[in-house]
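Undergrad: quick check, what structure comes out for this input:
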Amino acid sequence: MEFSTAKWIASILGLLSVITITVYFVLEEKEIMIPAFSASFMTIVTITLLPAVFLLGAMMMAEAKKEDKISGKSLQRALVLIVGLLIFRLLTGYFS
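TA: Below you'll find the model as predicted:
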């Protein structure tokens, strides 16, 4: 995958998640909560934010290795990193 394509996709997904989070907190502050939006908030943020972080991690790993494009190895390493962080979060949240 080209760096420019990954940057665009990560930017769009990150922007969508930031807009969703901002709208959620503004509506919550004004006490005008839409039930369907409130119920789907975490799903929307998870679907948009995790792939953005995944792509940014893969881009950083590919740049560190001086690759021309983001290779499958960099994507795989970024996926392992994200899964490891999620597992760590689940385990530490479970025991506390």
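
Undergrad: what is the mean pLDDT for the longest helix seen in the chain?
TA: For the chain, the longest helix by residue count, based on DSSP state H, is helix 35-64. Over the span of helix 35-64, the pLDDT mean works out to 90.

Undergrad: just checking, what packs against it?
TA: helix 3-29, helix 72-95 (3 or more CB pairs under 8 Å, 6 or more residues apart in numbering; DSSP states H and E). C-beta here means a position set from N, CA and C on the backbone, and glycine is covered the same way.

Undergrad: winner for burial among these?
TA: Mean neighbours per residue, mean count of other CB atoms under 10 Å, is largest over those for helix 3-29, with a mean of 14.

Undergrad: give me the angle between that one and helix 35-64.
TA: In terms of direction (axes from the mean of the first three to the mean of the last three CA atoms, to 10 degrees), helix 3-29 departs from helix 35-64 by 150 degrees.

Undergrad: elements contacting helix 3-29?
TA: Counting by 3+ CB pairs under 8 Å, 6+ apart, helix 3-29 packs on helix 35-64.

Undergrad: can you check what angle separates the helix it packs on from helix 72-95?
TA: Using the same axes, to 10 degrees: helix 35-64 against helix 72-95 is 130 degrees.

Undergrad: list the buried residues of helix 35-64.
TA: 41, 44-45, 48-49, 51-59, 61-62 (16 or more other CB atoms under 10 Å).

Undergrad: greatest separation within those residues: which pair is it?
TA: Farthest-apart pair in these is 41 and 62; separation 32.0 Å (CB to CB).

Undergrad: next, the contact list for the nearest residue to residue 45 once chain neighbours are set aside, please.
TA: Spatial nearest neighbour of residue 45, excluding adjacent residues (CB to CB, 6 or more residues apart in numbering): residue 17 at 5.3 Å. When contacts are counted by CB atoms under 8 Å, 6 or more residues apart in numbering, residue 17 touches 44-45, 48-49, 52.
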